[in-house]
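Participant: Quick one, fold the following:
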Amino acid sequence: MTLYGIRPFDKTVDKTLFSCGQPLLDVYIRQYASQDIKRNVARVFMATPTHEARQLAGYFTLSAGSVSCADLPESLAKTLPRYPVPVAIIGRLAVDIHFQGKGLGSILLADACQRIASASATLAMVGIIVDAKDNAADFYQHFGFKPLPGQPSRLLLPATAFCV
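Facilitator: Alright, predicted model coming up:
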């Protein structure tokens, strides 16, 4: 049984009551997400409960970026050219407080990784970068993300972990 539907940003979903405990993430989905989409800065994906398709349970954003090889772990950097290399970025991932502790964060992360893996068949990337807020680094590390050297809140999941 599917508990959530995940789809691209939908203006008909009610974002006004969304609260994840991080005011900046709450404000982003209400005020800035649609602007980022229009400007091609990010793609936003929303999770809604299957029984209430207009209630926002969580969301994540995806965009493309690059990272300097000097910022990567040596084991990965030594196999790459010495100029900035392409990455996918999960810029934001948030779950409404009413849905926290129910596995939705894991579902959103898995969906994001699946979308990125599909895109990697067409668009090259060396991995996925996340900038973890507060104690979210532990969440990402549980799924195989590793902190970049000297940047404990910036984590990388190498492409070898999600690409076939």
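
Participant: Would you confirm that Arg7 contacts Val44?
Facilitator: No. Assessed by C-beta atoms under 8 Å, Arg7 is found out of contact with Val44, at 10.1 Å. Quick note: C-beta positions are derived from backbone N, CA and C, even for glycine.

Participant: quick one, which of the two is more surrounded?
Facilitator: Counting neighbours by other C-beta atoms under 10 Å for Arg7 and for Val44 shows that Val44 has the greater number, 21 against 12.

Participant: Mind telling me what element the more buried one is part of?
Facilitator: Taking DSSP states H and E as the criterion, the element that holds Val44 is strand 43-49.

Participant: Does that strand pack against any helices or strands, and if so which?
Facilitator: Secondary-structure packing of strand 43-49 (3 or more C-beta pairs under 8 Å, 6 or more residues apart in numbering; DSSP states H and E): strand 4-8, helix 33-38, strand 58-67, helix 104-119.

Participant: now those in JSON lines, with distance to Glu52?
Facilitator: What follows is those, written out as JSON lines (distance: least, C-beta to C-beta, whole Å):
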{"stretch": "strand 4-8", "distance to Glu52": "10"}
{"stretch": "helix 33-38", "distance to Glu52": "20"}
{"stretch": "strand 58-67", "distance to Glu52": "13"}
{"stretch": "helix 104-119", "distance to Glu52": "14"}
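
Participant: Need the winner for burial among these.
Facilitator: When you average the neighbours per residue for each of these (mean count of other C-beta atoms under 10 Å), strand 58-67 leads with a mean of 19.

Participant: now Pro163: how far from Cys69?
Facilitator: For the record, residue 163 is Cys, not Pro. For Cys163, the distance to Cys69 equals 19 Å [C-beta to C-beta, to the nearest Å].

Participant: With only the CA atoms kept, save stretch 22-35 in CSV.
Facilitator: Included here for stretch 22-35 are C-alpha records, laid out as CSV according to Å, rounded to 0.1, in the frame of the first residue of the first chain:
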residue,chain,number,x,y,z
GLN,A,22,13.0,24.8,10.4
PRO,A,23,11.5,28.2,9.6
LEU,A,24,13.8,28.7,6.5
LEU,A,25,12.5,25.5,5.0
ASP,A,26,8.9,26.4,5.7
VAL,A,27,9.3,29.9,4.2
TYR,A,28,11.1,28.4,1.1
ILE,A,29,8.2,26.2,0.1
ARG,A,30,5.6,28.9,0.7
GLN,A,31,7.4,31.8,-0.9
TYR,A,32,10.3,30.9,-3.1
ALA,A,33,9.9,27.4,-4.5
SER,A,34,7.7,28.5,-7.5
GLN,A,35,10.2,31.3,-8.3
